[in-house]
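**Student:** just a sequence and a predicted model for now, questions to come.
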Amino acid sequence: MSLLKQNDDLKLKLIQLVKADGVSVASAARQLGIKERSAQEFFAKTKHWQQLWWAENQEYVDEYFRGFGNLPKVNLPPRTKENAEIYDHVGQIIKNIHRSNTSGIIYYGNYGDEVVDNSRILLISDMHIPYHHPDTLEFLQHLKDKYQPTRIICLGDELDKHALSFHDSDPDLPSAGDELRMALPVIAKLKEMFPVMDILESNHGSLVYRKAHAHGIPRHYLKSYNDVLGVDDNWKWHYEMTIDLPNGNRCYLHHGKSANVTKTSQTMSMCAVQGHYHETFKTEYWGNPNGLFWAMQAGCLINDKCYAFNYNNVNLKRPIIGTGLIIDSMPVLEAMVLDSEGRWENRLK
């Protein structure tokens with residue numbers, strides 16, 4: 001029996017390193033002293049015991065990733081027709097506890113009874129403001145005019161927060177306070193362009209709260225995302241989203257759970273969209289007896305020439321500047337084609 005199989009705390013530490021801190025599975029396995037193959041199989045859920053563990057602990061794992069790892073684990077019996085009402089009641093109590101602990105920092109879930117038009121969705125890929133591409137706002141305005149979106153969903157990493165990173169910061173870049181001051185005018189223009197927007201929780205976007213968590217600062221002492229950015233509650237924040245598309249398919253959106261978005265789509269048994277992986281810009285289709293599904297990786301909207309992205313210099317793959325949309329239930333990719341000076345070719349047209 002493997003060390004990972006026997007130890008729930010070890011499983012959660014592995015998830016924290018890979019999902020929250022962006023450490024590779026191989027590196028996380030070395031840090032925790034477990035076999036790399038065991039760690040890879042754990043995330044792939046290819047073994048029976050791993051499938052059972054994820055099925056029994058998925059909600060708790062999600063809440064741990066959101067920052068509520070100190071909440072007691074609730075062991076519920078297998079759900080049956082006889083205990084369904086009690087099961088749902090306990091589940092609602094747990095969700096209410098989670099909501100009351102967020103202190104307005106982040107909203108989870110969907111809109112309840114509110115009607116949302118998912119016919120023409122504009123997705124905003126990783127911007128990393130203030131290190132966003134200089135033509136980002138003009139490009140997004142072009143897409144807004146071209147497609148007339150009915151809904152806007154930002155895939156996360158709206159701000160970069162380089163100076164707050166757990167990794168070494170470049171001393172030639174602005175401080176954390178300066179980064180925010182540079183970012184707020186851009187956010188104001190984005191808010192004017194998109195008064196209503198859903199935003200996904202992300203590794204860069206959540207850096208303030210992750211740093212606070214690491215240093216023992218309760219969330220109650222912190223401002224909400226909306227207060228920091230100076231926006232109203234029409235910008236709603238989600239850890240993840242599952243939306244209904246007009247053709248009857250469902251679509252799962254997360255900042256980035258796997259480098260292989262098609263695997264995420266197949267695991268969720270629905271269409272899927274994610275950001276996070278800047279060098280990948282693609283749509284892949286797959287099917288099963290239940291229908292045709294797709295998975296989209298949406299690229300990014302960064303300025304790769306900024307010092308903040310110097311780590312890209314060691315990679316052969318380069319970031320792909322662009323974003324995606326879901327139009328009439330189908331994925332659409334829109335690349336920001338750059339000229340020889342690195343500017344958007346259509347900016348003057």
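**Tutor:** That came through, no problem.
**Student:** this protein: strands as residue ranges?
**Tutor:** 120-124, 151-154, 197-200, 235-238, 241-244, 250-254, 271-274, 281-288, 291-298, 322-327, 330-335 (DSSP state E).
**Student:** kindly compare burial across these and name the winner.
**Tutor:** strand 271-274 (a mean of 28; mean count of other Cβ atoms under 10 Å). Just so you know, the C-beta spots here come from the backbone N, C-alpha and C atoms, and that holds for glycine as well.
**Student:** and that one, which strands flank it?
**Tutor:** strand 250-254 (parallel), strand 291-298 (parallel) (DSSP bridges).
**Student:** ok, back up a step: save the strands of the chain as a markdown table, and put in distance to His215 and mean pLDDT too.
**Tutor:** Conversion of the strands of the chain to a markdown table gives the following (distance: least, Cβ to Cβ, whole Å; pLDDT from 0 to 100):
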| stretch | distance to His215 | mean pLDDT |
| --- | --- | --- |
| strand 120-124 | 31 | 97 |
| strand 151-154 | 27 | 97 |
| strand 197-200 | 25 | 96 |
| strand 235-238 | 22 | 93 |
| strand 241-244 | 30 | 94 |
| strand 250-254 | 27 | 96 |
| strand 271-274 | 29 | 97 |
| strand 281-288 | 36 | 96 |
| strand 291-298 | 33 | 96 |
| strand 322-327 | 34 | 98 |
| strand 330-335 | 40 | 98 |
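**Student:** would a markdown table of the strands paired with strand 271-274 with distance to Arg181 be doable?
**Tutor:** Formatted as a markdown table, the strands paired with strand 271-274 follow (distance: least, Cβ to Cβ, whole Å):
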| stretch | distance to Arg181 |
| --- | --- |
| strand 250-254 | 30 |
| strand 291-298 | 28 |
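**Student:** and of those, who's closest to Thr136?
**Tutor:** With Cβ to Cβ, the closest approach to Thr136 among those belongs to strand 291-298: 13.6 Å.
**Student:** using CSV, write down the CA coordinates of that closest one.
**Tutor:** Provided in CSV are the C-alpha atoms of strand 291-298 (Å, rounded to 0.1, in the frame of the first residue of the first chain):
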residue,chain,number,x,y,z
GLY,A,291,-23.1,13.6,-27.5
LEU,A,292,-20.4,15.9,-28.9
PHE,A,293,-18.3,18.0,-26.4
TRP,A,294,-15.4,20.4,-26.7
ALA,A,295,-12.6,21.8,-24.5
MET,A,296,-11.1,25.3,-24.9
GLN,A,297,-7.7,26.7,-23.7
ALA,A,298,-7.9,30.4,-24.1
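**Student:** angle of it against strand 322-327?
**Tutor:** 150 degrees (axes from the mean of the first three to the mean of the last three Cα atoms, to 10 degrees).
**Student:** and the end-to-end length of stretch 217-234?
**Tutor:** 27 Å (Cα to Cα, to the nearest Å).
**Student:** now do it, average pLDDT.
**Tutor:** On average, the pLDDT along stretch 217-234 is 89.
**Student:** fine by me, thanks again.
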